[in-house]
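Peer 1: got a sequence here, can you model it:
(one chain, ligands or ions: 2)
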Amino acid sequence: AVEIEFSGSTRVVTVSNQKGGVGKTTTTVNLASALASVGARVLVIDLDPQGNASTALGVPHTADIPSIYDVLIDEFPLADIVQVSPESPRLLCAPSTIHLAGAEIELVSQVAREHRLRTALDDYIGGLEERLDFVLIDCPPSLGLLTINAFTAAQELLIPIQCEYYALEGLSQLLGSVRMIQKHLNPNLHLSTILLTMYDGRTRLAQQVADEVRTHFPQEVLSTVIPRSVRVSEAPSFGQTVIAYDGQSAGAVAYREAAVEIARRGLKNTDNEGAH
Ligand code: ADP
Ligand code: MG
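Peer 2: Ligands and ions are numbered 1, 2, ... in the order given. Below is the predicted model:
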């Protein structure tokens, strides 16, 4: 099995795309579990009121459970709400509950409304005894204040793209928002990774979309693509990622390869920065 030696600082990655159903949540939880399986300590922050990432990680998130809502709105310390996924002691989750559905509106009148997640995360990371290697943030399908909080807290943006006809539509809007964030809130945010998801290699359309995305973003697109696979879509109903549910399936293998690529790229990028 692959074991990667992680070192350096915590990489905070927001998984975003304002389109729904492109594989944000699936990518967040499976990459997180795959990274944990190769030795990383990973925190998933569930920023979607639907709470699908919490479900897939096997973490309770009923309305009575302290959640990311309490962190954003009532300034609970993140340490008070983080749970350990039954999948691995290295896999942590800040769950979302249904209360988060109101947060988008409640945040509007709050002080430092765009920075609340970042402040909470900085406090949490600063107080940890064991370093986190990755924080992955699962965003809701919109460009509202929850997503802005994720953009403000992260250094890296990972965009999952579903290989279908409208794949690139909306991407310029997303990248426009990123430029606004870079200018006004977080100059460190950059598009580091694009992952092609739900790929069906039998269709010409999927190949064409993949080629088009690679032409536009040659540096960012991972060589690994995630195939469409029933096992991937079944896993959440067992409160598991596909890594735990069926580790030999094509989807699990692909997510592990993507995780290794991301981990190695990070090391390479750090080297490049050191050379400047
Ligand atoms: P988003 O978070 O962007 O809304 P999801 O991750 O929830 O998207 O995925 C949307 C739907 O597609 C879910 O039902 C999920 O199980 C399914 N899905 C995602 N990736 C795959 C895949 N590689 N193969 C099959 N189904 C997938
Ligand atoms: Mg989702």
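
Peer 1: right, is stretch 230-249 up against ligand 2?
Peer 2: No - counting by CB under 5 Å from the ion, ligand 2 is not contacted by stretch 230-249; separation bottoms out at 10.4 Å. The way it works is simple: take the backbone N, C-alpha and C, and place the C-beta from them, glycine included.

Peer 1: buried stuff in that stretch?
Peer 2: Neighbour counts over stretch 230-249 (16 or more other CB atoms under 10 Å) mark 232, 235-236, 239-247, 249 as buried.

Peer 1: gap between the two ends of that stretch?
Peer 2: Stretch 230-249 has its terminal residues 9 Å apart, counting by CA to CA, to the nearest Å.

Peer 1: circling back to that earlier point, now intersect the buried residues of stretch 230-249 with the helices, please.
Peer 2: 232, 242-245 (DSSP state H).

Peer 1: tell me the one of those nearest residue 206?
Peer 2: residue 232 (15.7 Å; CB to CB).

Peer 1: what's near enough to touch that closest one?
Peer 2: 26, 30, 226, 242, 249, 251 (CB atoms under 8 Å, 6 or more residues apart in numbering).

Peer 1: need the max-distance pair from those residues.
Peer 2: Maximum distance among the contacts of residue 232 (CB to CB): 13.1 Å, for 26 and 249.

Peer 1: what about stretch 223-241, average pLDDT?
Peer 2: In this model, stretch 223-241 has a mean pLDDT of 97.

Peer 1: now swap in stretch 109-123 and tell me
Peer 2: Stretch 109-123 comes out at a mean pLDDT of 95.

Peer 1: got the buried residues for that stretch?
Peer 2: For stretch 109-123, by 16+ other CB under 10 Å, it's 114-121.

Peer 1: can you get me the start-to-end distance on it?
Peer 2: 23 Å.

Peer 1: then stretch 119-134?
Peer 2: 17 Å.

Peer 1: one more: stretch 3-10?
Peer 2: 18 Å.

Peer 1: please apply the same query to stretch 181-190.
Peer 2: Using CA to CA, the distance between the terminal residues of stretch 181-190 is 10 Å.

Peer 1: the strands in the chain, which residues?
Peer 2: 11-15, 42-46, 83-84, 91-94, 134-138, 156-162, 190-197 (DSSP state E).

Peer 1: tell me which of these sits most buried.
Peer 2: strand 42-46 (a mean of 28; mean count of other CB atoms under 10 Å).

Peer 1: tell me what angle it forms with strand 134-138.
Peer 2: 20 degrees (axes from the mean of the first three to the mean of the last three CA atoms, to 10 degrees).

Peer 1: what's the closest of the contacts of residue 232 to residue 109?
Peer 2: Using CB to CB, the contacts of residue 232 come closest to residue 109 at residue 26, 33.6 Å.

Peer 1: hmm, residue 195 and that closest one touching each other?
Peer 2: No - counting by CB atoms under 8 Å, residue 26 does not reach residue 195; the two are 10.3 Å apart.

Peer 1: and for the two, which residues touch both?
Peer 2: Common neighbours of residue 26 and residue 195 (CB under 8 Å, 6+ apart) are residue 160.

Peer 1: okay, residue 270: pLDDT?
Peer 2: pLDDT, residue 270: 45.

Peer 1: and residue 42, by the same measure?
Peer 2: pLDDT, read off for residue 42, is 98.

Peer 1: could you pull up the residues touching it?
Peer 2: 32-33, 35-36, 90-92, 132-136.

Peer 1: would you mind listing the residues in contact with the closest residue to residue 69 other than its chain neighbours?
Peer 2: Take residue 69 and drop its neighbours on the chain: the residue closest to it by CB to CB, 6 or more residues apart in numbering is residue 99, 4.1 Å away. Contacts here follow CB under 8 Å, 6+ apart; on that basis residue 99 touches 49, 63, 67, 69-70.

Peer 1: of these - the most surrounded one?
Peer 2: With neighbours taken as other CB atoms under 10 Å, the top of the contacts of residue 99 is residue 67, carrying 27 neighbours.

Peer 1: so it touches residue 80, yeah?
Peer 2: No - using CB under 8 Å, residue 67 makes no contact with residue 80, being 10.2 Å away.

Peer 1: take the contacts of residue 99 and keep only those in helices.
Peer 2: Within the contacts of residue 99, residues falling in helices by DSSP H are 69-70.
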